[in-house]
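[1] sequence? don't have it. structure:
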């Protein structure tokens, strides 16, 4: 587990917390698992999936009725991230305000971290 004792690895805005809790209640999932994979024009992409089980190595963050699990290989890269949920006229979705991101592509779907060339992530 990475991070500072007593401090959550990620935080959720009220909008993200409400959306995650709503989806968990509707579909009966244990929470939202967040990870990273190689891909996109900047080199890495966030992954998100609803999980029915909590893996022993997941970092679990609970806020209100929402639960987020962070996959082991992503924990050090997501520390300090704020998860938001935004709705606009054309789209809605989760957004990550991650202080560890060095660069991102123009569409915002792909990110780059410092010194991750040796990282063995799924593709």
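    Arrived safely. These numbers were taken from a predicted model, which means no experiment stands behind them.

[2] Double-check that residue 56 belongs to a helix.
    No - counting by DSSP: H, G, I helix; E, B strand; the rest coil, residue 56 is not part of a helix but coil.

[3] so where's the protein uncertain?
    1-6, 40-42, 103-123 (pLDDT under 70).

[4] Go again with 90.
    Low-confidence segments of the chain (pLDDT under 90): 1-9, 27-28, 35-48, 50, 72-79, 88-123.

[5] residue contacts, the residue nearest the centre of the chain?
    With distances taken as C-alpha atoms, centre = their mean, residue 34 lies nearest the centre of the chain, 4.0 Å away. By C-beta atoms under 8 Å, 6 or more residues apart in numbering, residue 34 lies in contact with 10, 46-48, 68-71, 74, 78, 83. To be clear about C-beta, it is placed using only N, CA and C from the backbone, and glycine gets the same treatment.

[6] Check these for burial and list the buried ones.
    Neighbour counting with 16 or more other C-beta atoms under 10 Å marks 10, 46, 68-71, 74, 78, 83 as buried within the contacts of residue 34.
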